[in-house]
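Colleague: Dropping a prediction and its sequence here:
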Amino acid sequence: MAGPGLPGRRSPFVIAVLGDDPFGDALDILKGKTAQGRPIVVRRIASLAEVTRVNILFVASSEKSRLGSVLPAAEAMHALTVGTRRGSGRRGG
């Protein structure tokens, strides 16, 4: 059973790519797969307003100017943020 504020066991495991997607169709291999019994969903988004919950958020280098607002929003969703931009780890990514 899920605890307070935690997703249910069957809620989707959401991987989102924010900005210009450098992966092409490589993430599409996850369609129909599960992670610990949860369906995996891959979303390509232009803004975090498009989703209410994300587990893993890849922040594309095209979003460098918005990193200051993206990282706190991802933290509020308890999302793991991943990026390729040098120094993003020191900023909370």
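Modeller: Here it is on my side, so go on.

Colleague: Give the bridge partners for the residue nearest to the spatial centre of the chain, please.
Modeller: In the chain, the centroid-proximal residue (Cα atoms, centre = their mean) is residue 57; its distance is 2.1 Å. Residue 57 has these beta-bridge partners by DSSP bridges: residue 16, residue 81.

Colleague: That one reaches residue 75, doesn't it?
Modeller: No. In this structure, residue 57 is not within contact of residue 75 by Cβ atoms under 8 Å, at 10.0 Å. In short, each C-beta sits where N, CA and C put it, glycine included.

Colleague: got any residues that touch both of these two?
Modeller: The contact sets of residue 57 and residue 75 overlap at residue 81 (Cβ atoms under 8 Å, 6 or more residues apart in numbering).

Colleague: how close does residue 81 sit to residue 10?
Modeller: 25 Å (Cβ to Cβ, to the nearest Å).

Colleague: neighbour-wise, which of those two wins?
Modeller: Neighbour count, other Cβ atoms under 10 Å: between residue 81 and residue 10, residue 81 has more, with 22 against 10.

Colleague: That one contacts residue 57, correct?
Modeller: Yes. In this structure residue 81 lies within contact range of residue 57 using Cβ under 8 Å: 5.0 Å.

Colleague: shared neighbours of the two, anything?
Modeller: With Cβ under 8 Å, 6+ apart as the test, residue 81 and residue 57 both reach 70, 74.

Colleague: which residues of this protein fall in strands?
Modeller: Taking DSSP state E to define them, one finds strands in the chain at 13-18, 34-35, 38-45, 56-59, 80-83.

Colleague: closest to residue 71 out of those strands?
Modeller: strand 80-83 (6.3 Å; Cβ to Cβ).

Colleague: hmm, back to that, could I get the strands of the chain in TSV, plus columns for distance to residue 27 and mean pLDDT?
Modeller: Formatted as TSV, these follow (distance: least, Cβ to Cβ, whole Å; pLDDT from 0 to 100):
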stretch	distance to residue 27	mean pLDDT
strand 13-18	7	96
strand 34-35	13	94
strand 38-45	5	96
strand 56-59	9	95
strand 80-83	12	91
